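S.K.: Please find the sequence and the predicted model below.
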Amino acid sequence: MKTAIFLPALLISTSLTLSAEPLTQQQIDMTVEFSVNSMKADGTFKEMSSCLNTSEIKAEAAFGDVMAVCLKLDNGAENDDQLTACLLSKYAAELGVSEEQMLLCADELEEDENSEIDSEDEY
């Protein structure tokens, strides 16, 4: 479902927040940069922009901005659900789509990814 969009961000932020210390601004910046670069490299923004009828540049910039905000709000919290909810609501709002549209797009991307994996397994 939403893992296709938010998994890179969650993996990084979770690993950084394992310590009891809140993230520094530098750690937040590095987390955002790494997540955006990873998602850009694997084509997530391109796929999302097509699915949500927006530009790839807007999808990328909005995600970076939203992730920075959500990491600051969630700084030091141990609940990934809060971070996911923040990313979902703020990213959808930034792109001008509903959370439902965002989740439908994420589901579609995940289904496409799973079908690609299944077809690779056949060979």
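M.R.: Sure thing, it's come through.
S.K.: Was I right to think residue 102 contacts residue 92?
M.R.: Yes. Residue 102 is in contact with residue 92 according to Cβ atoms under 8 Å; the separation is 4.3 Å. For every residue, glycine as well, the C-beta is placed using N, CA and C.
S.K.: residues near the residue nearest to residue 96 when sequence neighbours are not counted, how many?
M.R.: Spatial nearest neighbour of residue 96, chain neighbours left out: residue 54 (7.5 Å); criterion: Cβ to Cβ, 6 or more residues apart in numbering. Here the number of neighbours of residue 54 (other Cβ atoms under 10 Å) works out to 17.
S.K.: show me where pLDDT drops low in this protein?
M.R.: Within the chain, the set of residues satisfying pLDDT under 70 comprises 1-20, 76-79, 112-113, 115-123.
S.K.: Report the secondary structure state of the residue nearest to residue 96.
M.R.: Reducing the assignment at residue 54 to three states with DSSP: H, G, I helix; E, B strand; the rest coil gives coil.
S.K.: can you start the count at 26 instead of 1 from here on
M.R.: Noted, 26 is the first residue going forward, which turns the last one into residue 79.
S.K.: What distance do you get for it to residue 97?
M.R.: Residue 79 sits 24 Å away from residue 97 when distances are taken as Cβ to Cβ, to the nearest Å.
S.K.: would you list every one of the helices in the chain?
M.R.: 28-41, 50-66, 69-77, 81-98, 105-120, 124-146 (DSSP state H).
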